[in-house]
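1. take a look and give me a structure for this.
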Amino acid sequence: SVRPGVGIEVTREPVGVVGIITPWNFPIAIPAWKIAPALAYGNTVVFKPAELVPGCAWAIVDILHRAGLPKGVLNLVMGKGSVVGQAMLDSPDVTAQTFTGSVATGKRVAAACVEHMRKFQLEMGGKNPLVVLDDADLAVAVDCAVNGAFFSTGQRCTASSRLIVTEGIHDRFVAAVTEKLKGLVVDDALKAGTHIGPVVDPNQLAQDQDYVEIGRKEGATLAFGGERLNRETPGFYLQPALFTEATNAMRISREEIFGPVASVIRVKDYDEALQLANDTPFGLSSGICTTSLKYSTHFRRNAEAGMVMVNLPTAGVDFHVPFGGRKGSSFGSREQGRYAAEFFTTVKTAYTAAG
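-> Predicted coordinates for the structure are as follows:
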């Protein structure tokens, strides 16, 4: 202390009972990176996975129980979010709530947590831009765009759904991406040689198809794909859809689709590209393909996103560093790595006078 004879100890303590609500798109990774720090910092957990993926949740909890976790420390609950999730949010016994899912549901989680004055952490949507400048390595840019926009069937909050391309490279980029898409195999995800599997369920397929139609009506050009596909293994297969001549004002450029649908927006230069990249209510991940140190450095510092990728897909993260976004994408402290301590613990400052 600045006062003579007084010592100070700053410690972190568990927050108590942590509610964990996770989505279906990464049914092992997201629960794992929430459950692990929650337990490591001494909390107990009530874990509710998405309805579509109960098997993965059961496997994680079963492994931890068989590994010797004390009874009652990790509790798995299954069911509809509107029933089971709401019961968690209504319970005064839950002292902290971490949620990954849609923006609409995230807002309901926030409102319920404020009502109970509990700590909460939200990871929600994204409308992530990938900027491609004239000086980019074309092969690198194409790989980044196709991987980020269409792999995992586009069902990632970090997917590159807006491809913002300067006019000097635009036509070559579109032609190369289209050619790449023609070579991708859409089929059963467990079959060797498959690049893109089905979307998750009929509702998601209908949403994706609706947005393809919306894009057409808005005046964008469907340069490739967007068709329902049939395969030997039953599933909800959709050919990756690439729109060109899109604008940043279109719904396909403003709203999260969460499927294999991306739009190319033509711009004249870096300044316009940066302005459009930041012109979104979201701010999770933002990428740029360039060989310029000047532009890559400026973009890293000025992109309004929680994560910035240079010559890499916007999707794909390491688990030992902070994960999270800005604006409508995230609320609260970051996930993963040492930053997890901010959410899963509370700080205590103790003063002691020497006797």
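
2. and L190, backbone torsions?
-> phi -90, psi 0 (degrees, to the nearest 10).

3. oh, I was asking about E227
-> phi -100, psi 150.

4. that one against Q239, yeah?
-> Yes: if you go by Cβ atoms under 8 Å, E227 and Q239 touch, sitting 4.7 Å apart. Glycine gets a C-beta too; all of them are placed from N, C-alpha and C.

5. give me the more crowded residue out of these two.
-> The neighbour comparison of E227 against Q239 (other Cβ atoms under 10 Å) goes to Q239, with 18 against 14.

6. skipping adjacent residues, who's closest to the more buried one in space?
-> G225 (3.9 Å; Cβ to Cβ, 6 or more residues apart in numbering).

7. so what's that neighbour up against?
-> L181, L238, Q239, P240, A241, L242, P260 (Cβ atoms under 8 Å, 6 or more residues apart in numbering).

8. state the distance from H195 to F224.
-> Noted for H195: a distance of 14 Å to F224, by Cβ to Cβ, to the nearest Å.

9. ugh, wrong one, K107
-> 35 Å.

10. comparing those two, which residue is more hemmed in?
-> When K107 and F224 are compared for neighbours, F224 comes out ahead with 19 against 14, by other Cβ under 10 Å.

11. what distance do you get for the more buried one to P234?
-> 25 Å.

12. quick check: closest non-adjacent residue to the most centrally placed residue in the chain.
-> For the chain, the residue nearest the mean C-alpha position is C157 (2.9 Å; Cα atoms, centre = their mean). The shortest distance from C157 to any non-neighbouring residue, by Cβ to Cβ, 6+ apart, is to G126 (4.7 Å).

13. is it true that that neighbour lies in a helix?
-> No: counting by DSSP: H, G, I helix; E, B strand; the rest coil, G126 falls outside a helix, being coil.

14. so it touches Q155, yeah?
-> No: assessed by Cβ under 8 Å, G126 is found out of contact with Q155, at 11.8 Å.

15. neighbour-wise, which of those two wins?
-> Taking neighbours as other Cβ under 10 Å, G126 and Q155 compare with G126 leading, 31 against 20.

16. check what pLDDT that one gets.
-> G126 is assigned 96 on the pLDDT scale.

17. how close does it get to S286?
-> Distance from G126 to S286, by Cβ to Cβ: 9 Å.
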